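Asks: need coordinates for the following:
(one chain, ligands or ions: 1)
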Amino acid sequence: MNPDLHKIISSILPHTQPRKQAGQAYAPANIALCKYWGKRQESLKLPLTGSLSISLAQLGTHMRIELSETDQLIINDEAQDIRGKAATRLFEFLSLFRAPDTHFKIKSLNTIPMAAGLASSASAFASAVNALNDLYQWELSAQQRSILARIGSGSASRSIYQGFVEWHRGEQADGMDSFAERLDTEWPDFRIGILTLSDAKKTVGSSEGMQRTIESSTLFESWPAQVDKDLPVIRQAIRDQDFDTLGKTAEQNALSMHATMISAWPPVLYWRPESVATLHQVHQLRQQGLSVYATMDAGPNVKLLFKEKTRNELLQAFPGLQVVEPFSA
Ligand code: 2P0
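Replies: Next comes the predicted model:
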């Protein structure tokens, strides 16, 4: 085990570990409005920049971790190959927290459409940390859970909270100041629309994609400056409930991130023809006066940002649109 990881984790966990037979918890998925793309340190998943997201309320991962004789992983009622990529990554992470002779039976239920490429590592690793917190009765703060979830997957640091969430870059080498916090702004009529355009399997995972971008894209040199410009604007637009400033800054931020990916070699091109057609359609709707913006992550699908009053027009334009109300109870 990486000695830093061991030291950091034991500095967070309480010394006594009373435990139950099983722990369970939920964590929402999240969509970044100012994206995280690039690490300054790999094993602790320390980001090059801060980022800011909105969590997806009831769309996320329910996880139950039960003490067991063997390691098992069941996702949406289907037993997974324990040697598969996703299972290996999850169990390597969980092994950081358990005695060597301990085994877990994990049952995970995703309420987010898997085909949307949104059932990402964020809600999985955040729900895993929350479930461990329940199993071992650690009673960790949200900030401590955010740090642990970050070690599993960077974006999972943000999935510890609902609402608007900022992940601070931090400066320290041990990552103890690189955690997410909830912004104390509610925005009841803010909506996210999910468009599942393609279920083509992801060709390049995020970790590999960001590494390749850093190594081979000269455009990437400008990415931290883009975030420095966008993050305060997005934070302030949320405080002011200034939807158009938020929307256009978030869309430009997403497209700037994709520009760096596309200029990597080999190109990290997540876009499909349907993705580009949808971006054009969004731009056309804006020209017609509709206040709607787009964002995209490490996959071909497009997410829309809009307000409740625009819902019906957008459902007409995009019949398959799944509308998320991030501030519904
Ligand atoms: C984000 N993404 O901010 C960005 C936008 C994808 C594009 O966070 O290597 O799965 O586990 O830290 O968290 C996806 O990256 O990567 C991601 P790791 P993660 O949402």
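
Asks: how far away is the residue in the stretch 101-250 of the chain that the ligand sits nearest to from Ala180?
Replies: The stretch 101-250 of the chain approaches the ligand most closely through Gly154 (2.8 Å), counting by C-beta to the nearest ligand atom. C-beta: built from backbone N, CA, C; applies to glycine. Using C-beta to C-beta, to the nearest Å, we find Gly154 at a distance of 10 Å from Ala180.

Asks: give me the common contacts of those two.
Replies: Trp167 (C-beta atoms under 8 Å, 6 or more residues apart in numbering).

Asks: which parts of the stretch 201-329 of the chain sit against the ligand?
Replies: With the criterion set to C-beta under 6 Å from any ligand atom, the stretch 201-329 of the chain comes near the ligand through 206-207, 297-298.

Asks: residues contacting the closest residue to the residue of the stretch 101-250 of the chain closest to the ligand other than its chain neighbours?
Replies: Closest residue in space to Gly154, ignoring its immediate chain neighbours: Lys45 at 4.5 Å, by C-beta to C-beta, 6 or more residues apart in numbering. Lys45 sits next to 39, 150-154, 175 when contact means C-beta under 8 Å, 6+ apart.

Asks: if we can go back for a sec, so what pLDDT did the residue of the stretch 101-250 of the chain closest to the ligand get?
Replies: For Gly154, the model assigns a pLDDT of 97.

Asks: give me the mean pLDDT for the one helix or strand Ala237 maps to.
Replies: Here Ala237 sits within helix 223-240, counting by DSSP states H and E. The average pLDDT within helix 223-240 is 98.

Asks: what residues does the longest helix anywhere in the chain touch?
Replies: Secondary structure of the chain per DSSP state H: the longest helix is helix 243-262. By C-beta under 8 Å, 6+ apart, the residues outside helix 243-262 that reach it are 33-35, 37, 190, 209, 213, 217, 219-220, 222-223, 226-227, 230, 233-234, 236-238, 267-271, 291-297, 305-307.

Asks: wait, does stretch 173-186 contact the ligand?
Replies: No: applying C-beta under 6 Å from any ligand atom, one finds stretch 173-186 out of contact with the ligand, separated by at least 11.0 Å.
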